[in-house]
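Enquirer: Kindly generate the corresponding structure for this input.
(one chain, ligands or ions: 1)
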Amino acid sequence: MLILSGKELTADKLRQMLKEFEDNKTKTEVIRKALILTGIPKRLTKLRNKILKERIKVANPNIRVITRRKLLAQINSHRCELENLCSHPVIYQIQGYGGSRSEEFENAYPTRRYCLACGLFENAADFKCNIMVSNTGTVFSKLSSNDERIVLPEPFRQPRNYIDIWQPLEALLHPVELEIAKSLNLNTA
Ligand SMILES: [Zn+2]
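Expert: Sure thing, here's the model as predicted:
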């Protein structure tokens, strides 16, 4: 038994304190995520919606070639604008693969990240897999982890399939929001 400032601290009491502390830490992390979601600027969503509309138009087989060309150029320029505007608030990470000896590690691929909002892709810069080293990578320059970002594991099993990010942002973020809501309710219950 430990006595601090005249108070007895049993192992049970300390364990309980630790649990409360950890619960608070989890809650802080969830609130941090919620804040990131609420901080996504309207103009980013607007620009995204513009691109979504242009993509629907361009997919129409009945449009004229010249119109299609114009639209494609517009989409490209809007995507560049979106990438520049985007702070990459929600990122999916696809775990890399170290490769197999039978394939001489040529089937290895780096850990990848992509932004759900603008679609920016990045391979880990420190990827190196061969007979001597196996590092699928953790270093990202544009899509690095920070307090303003949510980095989630890619929810799909197929490592070479990605979520089609060209759907409304609300739909893409819905599972993330559900997770947050669940965590907050669980902790406040
Ligand atoms: Zn982005």
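Enquirer: And the strands in the protein, which stretches?
Expert: 2-4, 7-9, 90-94, 112-115, 121-123, 128-129, 134-135, 150-153 (DSSP state E).
Enquirer: Quick one: residues contacting residue 74.
Expert: By C-beta atoms under 8 Å, 6 or more residues apart in numbering, the contact list for residue 74 reads residue 54. Backbone N, C-alpha and C define where each C-beta goes, glycine included.
Enquirer: Now with 10 Å, please.
Expert: With contact set as C-beta atoms under 10 Å, 6 or more residues apart in numbering, residue 74 has these partners: 50, 51, 54, 57, 58.
Enquirer: The second one and residue 44: what is the separation?
Expert: I take that to be residue 51. Remark: distance between residue 51 and residue 44 (C-beta to C-beta, to the nearest Å) = 11 Å.
Enquirer: cool, and the first one?
Expert: Using C-beta to C-beta, one obtains 11 Å as the distance from residue 50 to residue 44.
Enquirer: Nearest the middle, which residue of the protein would you pick?
Expert: residue 91 (1.7 Å; C-alpha atoms, centre = their mean).
Enquirer: My guess is that one contacts residue 163. True?
Expert: No - contact criterion C-beta atoms under 10 Å: residue 91 and residue 163 do not qualify, at 11.7 Å.
Enquirer: joint contacts of these two?
Expert: Common contacts of residue 91 and residue 163, defined by C-beta under 10 Å, 6+ apart, comprise 114, 116, 154.
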